[in-house]
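Visitor: predicted model and sequence follow; I will ask about them next.
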Amino acid sequence: MHELWFNDKWKEFKETTLLTPENYEENIARFRRYSKRASGRVLRLEVSKPLSRVGQLGDMVQGKEQKDFYFRSGAGVLDALAEKLVMAEAGYLLEKEVNPLEHIAATTTPAGMAAIYAVAMELVRHMPIKERKGKRFLQGKTVYTHTNNVLGERMQEMGLEAAIKIDTTLPENVESALRENREKIIGIFYEPVTNPLIEYTDTRVIHQIAKEYCIPVIVDNTFLTPYLQQPFRMGADIIVHSMTKYMNGEGDMLGGAVIGSKEFIDSLRGWQTTTGCVIQSPSLALLLHDRLAMLSERMKIHVENAEKIADYLKDSKYVQSVYHPNLRRNTRGGSPGAVISFIMAGEDADEQTRREAALMQYFIDNPGTILYQVSLGDREHLMIGETTLGTGKSELPAGLVRFAVGREPKASEVIEFLKKAFEHVYKK
């Protein structure tokens, strides 16, 4: 069913226009201009709008006019937000005198997980039931917990097999899995930077492998955001985001996004209209629209803070190892993002686990500079101990801590606080 959207027209456009020699937008001024580009639309905040003539609703339903009579079907504010998403991920095409909006579209969902589920459903729902047996997704072995559920249990409910999990950081694994499951793979899904070990998958390499099998490449770009990497440049067919995180930037609302070919997004929007899988209010859509325009300014602070804190952690005697690699030309400035993971020092796994728990308790007892809290992309600095969450046995290294670096307070204050926290945890 891939030819419905990822046909020869899309493949030619991707190979000749979307793919670029550079891996990220080097000119930050251009990126800011694209993400702030005004749509010129009237952003009315209403669930339904007045009709201007008798019979107009019928024309809208039949597709003769834009379907913006009811928010679930479409609205100016949703279109403006979608245009900003396209410009953030593919605005670089303007430099090639190509209007990305003629080829690429975007849609938004109530949450990041809704975006992932919507993509999976759209790729499956057009497939006849009798043809689904044996079909499945190929996914990175390390993805968000609920992504495993969507590509596993939820797909089994649709008559497919659970996804095959592979280490996408090793291209030979992808090649082998596609070769062994020829014509059975619906798409390959992964996160370029994994959570929490910050392992990197090169989309350019994955694209080169996947195109030989005509398999769409689906990338969750939440951690990097288009500020650090634009996967369309590297060969992705579909990009998803949890807008809850960096695109929102304040940790006060949920939202998701899907960016892909116009044909794919148009089809997906039809499913959204009937299922209600849309952002829940015009005011939330407008807020995300406005905050997206400031993504580059926020990410610059996140990344600068993360670099300084990672440097401190790498030199700390209380830290055994730090996961925050330099990705060189693969991202802007080589940054892996603003999430740092590290392992507490200790004589053995038991001690490392105890130190991890003690550090988390220190943040609970001394809230403010760093919060013991899940999520990322917020103004605040958020930290969790990965193996002491109480969710059951973990395959992660003992003493592993994930630090979602925020914007406030500045890195120097965070480092001083960390020093006090470590000294308390390791005091004799």
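Guide: That came through, no problem.
Visitor: what is the longest helix along the chain packed up against?
Guide: Determined from DSSP state H, the single longest helix within the chain is helix 295-315. Helix 295-315 sits against helix 28-36, helix 225-228, strand 319-323, strand 339-344, helix 411-425, with contacts defined as 3 or more CB pairs under 8 Å, 6 or more residues apart in numbering; DSSP states H and E. Just so you know, the C-beta spots here come from the backbone N, C-alpha and C atoms, and that holds for glycine as well.
Visitor: right, and residue 314 touches residue 320 too?
Guide: No - using CB atoms under 8 Å, residue 314 makes no contact with residue 320, being 10.7 Å away.
Visitor: these two: who's more crowded?
Guide: residue 320 (17 against 13; other CB atoms under 10 Å).
Visitor: what pLDDT is listed against that one?
Guide: pLDDT for residue 320: 98.
Visitor: break the chain down into its structural domains.
Guide: 2-293, 296-425 (automatic domain parsing).
Visitor: any idea which of those has the lowest pLDDT on average?
Guide: domain 2-293 (a mean of 89).
Visitor: pull the distance from that one to the chain's centre.
Guide: Taking CA atoms, centre = their mean, to the nearest Å, one finds domain 2-293 lying 9 Å from the centre of the chain it belongs to.
Visitor: which residues touch residue 211?
Guide: Contacts for residue 211 (CB atoms under 8 Å, 6 or more residues apart in numbering) come out as 11, 235.
Visitor: that's a strand at it, yeah?
Guide: No - judged by DSSP: H, G, I helix; E, B strand; the rest coil, residue 211 forms no part of a strand; its state is helix.
Visitor: any idea how far residue 217 is from it?
Guide: 8 Å (CB to CB, to the nearest Å).
Visitor: any residues in contact with both of the two?
Guide: In contact with both residue 211 and residue 217: residue 235, using CB under 8 Å, 6+ apart.
Visitor: and the contacts of stretch 403-414?
Guide: Defining contact as CB under 8 Å, 6+ apart, one finds that stretch 403-414 is touched by 298, 301-302, 304-306, 308-309, 338-342, 369-370, 375-383.
Visitor: go again with 7 Å.
Guide: 298, 301-302, 305-306, 308-309, 338-340, 369-370, 375-376, 378-383 (CB atoms under 7 Å, 6 or more residues apart in numbering).
Visitor: and the helices in the stretch 251-400 of the chain, which stretches?
Guide: For the stretch 251-400 of the chain, applying DSSP state H, counting those that start in this stretch gives helices covering 262-275, 282-292, 295-315, 349-365.
Visitor: mind listing residues that contact the third one?
Guide: Around helix 295-315, the neighbours that count as contacts under CB under 7 Å, 6+ apart are 28, 31-32, 35, 88, 225, 227-228, 246-247, 249, 319, 322, 324, 335, 338, 340, 342, 405-407, 410-411, 414-415.
Visitor: show me which of the residues you listed are buried.
Guide: 31-32, 35, 88, 225, 227-228, 246-247, 249, 319, 322, 324, 335, 338, 340, 342, 405-407, 411, 414-415 (16 or more other CB atoms under 10 Å).
Visitor: what about the strands in the stretch 101-250 of the chain?
Guide: Assigned strands in the stretch 101-250 of the chain, in chain order: 104-109, 136-140, 164-166, 185-190, 217-220, 238-242 (criterion: DSSP state E, counting those that start in this stretch).
Visitor: winner for burial among those strands?
Guide: Greatest average neighbour count among the strands of the stretch 101-250 of the chain goes to strand 238-242 (a mean of 28), per mean count of other CB atoms under 10 Å.
Visitor: specify the angle between that strand and strand 104-109 in degrees.
Guide: For strand 238-242 against strand 104-109, the angle by axes from the mean of the first three to the mean of the last three CA atoms, to 10 degrees is 30 degrees.
Visitor: who's in contact with strand 238-242?
Guide: Residues contacting strand 238-242 (CB under 7 Å, 6+ apart): 89, 111-112, 115-116, 119, 216, 218-222, 231-232, 247, 256-260, 264.
Visitor: separate out the buried members of those residues.
Guide: 89, 111-112, 115-116, 119, 216, 218-222, 231-232, 247, 256-260, 264.
Visitor: could you measure from the spatially most central residue of the chain over to residue 288?
Guide: In the chain, the residue lying closest to the centroid (CA atoms, centre = their mean) is residue 222, at 2.3 Å. From residue 222 across to residue 288, the span is 14 Å (CB to CB).
Visitor: likewise for residue 178?
Guide: On the measure of CB to CB, residue 178 and residue 288 end up 36 Å apart.
Visitor: need the three-state assignment for the residue sitting furthest away from the middle of the chain.
Guide: Distance from the C-alpha centroid of the chain, by CA atoms, centre = their mean, peaks at residue 54 (43.0 Å). Three-state assignment for residue 54 (three-state DSSP): coil.
Visitor: now do residue 93
Guide: Classification of residue 93 by three-state DSSP places it in helix.
Visitor: the closest residue to it other than its chain neighbours: how many residues sit nearby?
Guide: Once flanking residues are discounted, residue 93 sits nearest to residue 100: 4.4 Å by CB to CB, 6 or more residues apart in numbering. Other residues within reach of residue 100, judged by other CB under 10 Å, total 22.
Visitor: residues contacting residue 100?
Guide: Counted by CB under 7 Å, 6+ apart, residue 100 has contacts 86, 87, 90, 91, 93.
Visitor: separation between the nearest residue to residue 253 once chain neighbours are set aside and residue 164?
Guide: Nearest non-adjacent residue to residue 253, counting by CB to CB, 6+ apart: residue 284, 5.6 Å away. Distance of residue 284 to residue 164, given as CB to CB: 36 Å.
Visitor: likewise residue 5?
Guide: 22 Å.
Visitor: next: residue 426.
Guide: 43 Å.
Visitor: over to residue 267?
Guide: Residue 267 is 25 Å from residue 164, by CB to CB.
Visitor: ditto for residue 81
Guide: For residue 81 relative to residue 164 (CB to CB), the value is 34 Å.
Visitor: secondary structure element holding the closest residue to residue 289 other than its chain neighbours?
Guide: Closest residue to residue 289 apart from its sequence neighbours, by CB to CB, 6+ apart: residue 81 at 4.3 Å. Here residue 81 sits within helix 76-90, counting by DSSP states H and E.
Visitor: can you list the residues that contact stretch 224-232?
Guide: 18, 23-25, 31, 88-90, 92, 192-193, 203, 219, 221, 239, 246-247, 295-296, 299, 330-332, 335, 337.
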